[in-house]
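# Let me see the structure of the following:
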Amino acid sequence: MTVNDAVAKRISALLKEKNMSQYRLEQLSGIQHGSMQCIMNGRNKTVTLSTIIMLAKGFDISVVEFLNDEIFDVKNLELE
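Okay, the predicted model is just below:
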């Protein structure tokens with residue numbers, strides 16, 4: 001799985017856990033709808049640290065909390 005795939009899956013899990021819509025996350029994080037769609041649909045090939053920080057802000061969690069999931073275990077990711 002790519003890092004982008006992992007980020008998209010983590011976003012989906014947190015949206016469900018926090019009972020939040022993707023639209024609300026976009027508003028709270030400052031990420032534009034088109035950019036969010038690219039992440040969620042796998043069209044984005046690289047997710048930057050800035051994007052992770054914005055996502056964490058939108059979820060009202062720390063970056064560490066966002067990344068603290070087995071989905072980000074190096075064994076599960078395809079790294080270049």
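
# Where does pLDDT dip in this protein?
For the chain, applying pLDDT under 70 flags the ranges 80.

# Regarding it, what is its longest helix?
For the chain, the helix with the greatest residue count under DSSP state H is helix 3-17.

# ok, and for that one, which residues are buried?
3-8, 10-11, 14-15 (16 or more other CB atoms under 10 Å). No exception for glycine: its C-beta is placed from N, CA and C like everyone else's.

# Same check on stretch 14-28?
Result for stretch 14-28 [16+ other CB under 10 Å]: buried residues 14-15, 20, 25-26.

# would you list every one of the helices in the chain?
Under DSSP H, the chain gives helices at 3-17, 22-29, 33-40, 49-59, 63-67.

# Of the ones you listed, which is nearest L79?
helix 3-17 (7.5 Å; CB to CB).

# how far off helix 33-40 does that closest one point, in degrees?
Angle, helix 3-17 to helix 33-40, by axes from the mean of the first three to the mean of the last three CA atoms, to 10 degrees: 110 degrees.

# Need the CA coordinates for helix 3-17. CSV is fine.
Presented in CSV, the C-alpha positions along helix 3-17 are these (Å, rounded to 0.1, in the frame of the first residue of the first chain):
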residue,chain,number,x,y,z
VAL,A,3,1.6,6.2,1.8
ASN,A,4,-1.3,8.1,0.0
ASP,A,5,-3.5,5.0,0.3
ALA,A,6,-2.7,4.7,4.0
VAL,A,7,-3.5,8.4,4.5
ALA,A,8,-6.8,8.0,2.7
LYS,A,9,-7.7,4.9,4.8
ARG,A,10,-6.8,6.8,8.0
ILE,A,11,-8.9,9.7,7.0
SER,A,12,-11.9,7.4,6.3
ALA,A,13,-11.4,5.7,9.7
LEU,A,14,-11.2,9.0,11.6
LEU,A,15,-14.2,10.4,9.8
LYS,A,16,-16.2,7.4,10.9
GLU,A,17,-14.8,7.4,14.4
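
# same for that helix, what does it pack against?
Contacts defined by 3 or more CB pairs under 8 Å, 6 or more residues apart in numbering; DSSP states H and E place helix 3-17 against helix 22-29, helix 33-40, helix 49-59.
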